[in-house]
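> Using only what follows, build the 3D model:
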Amino acid sequence: MGRLGKKPDLRYTKAGKAVCHLSVAINKGEEVPPHWRKVTVWEKQAELCSLYLKKGSEVFVQGRGEMKSFQTKEGGTKTFEEVNARLVGFTNLN
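Just a heads-up that it's a prediction; the model follows:
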């Protein structure tokens, strides 16, 4: 459970599958900085997230976490956890 830190990023694969990337801030308490999670949502849910969510929206994400890494320009390696969402829940209170 957390809030979006930026607008959802909807794209399409070469095969035409919708994929949406979310950046979710999880607050553990007022004195602790938020923990950020990268979330990937696929197909119809991805399109719905892009349509209904905006920066600051509260979301519930259920899925599987996966560790990923990449090479920085300086030659180092950065590792992060990405959640491949099975379910994204939200309320549209506009």
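> Run through the neighbouring helices and strands of the helix or strand containing M67.
Using DSSP states H and E, M67 falls within strand 58-71. When contacts are defined as 3 or more C-beta pairs under 8 Å, 6 or more residues apart in numbering; DSSP states H and E, strand 58-71 packs onto strand 2-4, strand 18-26, strand 35-42, strand 77-90. No exception for glycine: its C-beta is placed from N, CA and C like everyone else's.
> Check which residues of it are buried.
59, 61 (16 or more other C-beta atoms under 10 Å).
> tell me the angle of that strand relative to strand 77-90?
Angle, strand 58-71 to strand 77-90, by axes from the mean of the first three to the mean of the last three C-alpha atoms, to 10 degrees: 160 degrees.
> Tell me which residues are up against strand 58-71.
When contacts are defined by C-beta atoms under 8 Å, 6 or more residues apart in numbering, strand 58-71 is touched by residues 1-4, 22, 24, 37, 39, 53, 77-91.
> List the strands paired with it, with their directions.
Note on strand 58-71: by DSSP bridges, its sheet partners are strand 2-4 (antiparallel), strand 77-90 (antiparallel).
> Just the angle for the longest one relative to strand 18-26, thanks.
So that's strand 77-90. 100 degrees.
> Contacts only, for C49.
By C-beta under 8 Å, 6+ apart, the contact list for C49 reads 8, 10, 20, 22, 41, 88, 90.
> Check what pLDDT it gets.
Here the pLDDT value assigned to C49 is 95.
> What strand or helix carries it?
helix 43-52.
> list the buried ones in that helix?
Applying 16+ other C-beta under 10 Å to helix 43-52 flags 46-50 as buried.
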